[in-house]
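Peer 1: below is the sequence, then the predicted model.
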Amino acid sequence: MAIPQGFSYLAGHLDLRRQHSILAAVRAVVAHSPLYTPTMPRTGKPLSVSMTNCGPLGWLTDKAGGYRYQSTHPVTGLAWPPIPAELLRVWDELAAYTAPPEACLINYYTRASRLGSHIDADEADTAAPVLSISLGDDALFHVGGLRRGAPKERIVLRSGDVVVLGGAARLAYHGVDRVHPGTSNLLAEGGRINLTLRRVNSPS
Ligand code: MD3
Ligand code: FE
């Protein structure tokens, strides 16, 4: 349907070799900055997706502080590790933006995980695209318009797919309806990893 301009879906952009090399880099990040369960602002309800980050800034949410970016892991208190070179290379290939990403949010989905429809609006720099990389099991993803009720299009995101969200699509509603277990053998433990590379602050 009418996905806003600037949505670019690059099916199979990453071959298996690159997927494995990115996965190894993500495992090293997670060894330092473990996945944890974020909670919703005010209610404290846990999300069904576990998360961590790399980069100078990381996105998080918890009951007391709400949605925000910060430079440290909420559980360990340590700085997030740097964004791996393999991921910076994908940004350089596709983002067409003058500055490097500041945050890479790492989402891990089990078969029970969902991500409700939302917009990514916690970044001051909305001129920069968001770049999404999928690894592991297939996910049924939806993207709509600039208002919550707008018609949605559904796409299955598979391991190695990359989505670039620029222009008007940068502020579109989107979410993950479900993950299809057993559809990829990239992750020995099963499930799905999504990486989003983001610019938070406008380059000075
Ligand atoms: C469309 N992640 O982390 S990635 C998120 O698969 C998030 O984990 C989903 O939504 C996931 O915030 C979707 C694809 C994506 C990311 C950002 C977007 C699509 C987007 C921003 C605007 C429009
Ligand atoms: Fe999002």
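Peer 2: Good, I have the coordinates. Ligands and ions are numbered 1, 2, ... in the order given.

Peer 1: didn't Ala121 look like it was pressed against Leu171?
Peer 2: Yes: Ala121 is in contact with Leu171 according to Cβ atoms under 8 Å; the separation is 6.9 Å. Backbone N, C-alpha and C define where each C-beta goes, glycine included.

Peer 1: of those two, which one has the most company?
Peer 2: Counted by other Cβ atoms under 10 Å, Ala121 and Leu171 do not tie: Leu171 has more neighbours, with 15 against 9.

Peer 1: any idea how far Ala99 is from the more buried one?
Peer 2: 19 Å (Cβ to Cβ, to the nearest Å).

Peer 1: tell me which parts of this structure are close to ligand 1?
Peer 2: 105, 107, 115, 120, 130, 132, 139, 141, 143, 163, 165, 169-170, 172, 174, 176, 194, 196 (Cβ under 6 Å from any ligand atom).

Peer 1: which of those residues fall in strands?
Peer 2: If you go by DSSP state E, those have 105, 107, 115, 130, 132, 139, 141, 143, 163, 165, 174, 176, 194, 196 in strands.

Peer 1: quick check: the farthest pair among the residues you listed?
Peer 2: Leu105 and Val143 (17.3 Å; Cβ to Cβ).

Peer 1: what are the ranges of the strands in the protein?
Peer 2: So, for the chain - with DSSP E - the strands run 7-10, 50-54, 58-60, 68-70, 103-109, 115-118, 130-136, 138-143, 153-157, 162-165, 174-180, 192-198.
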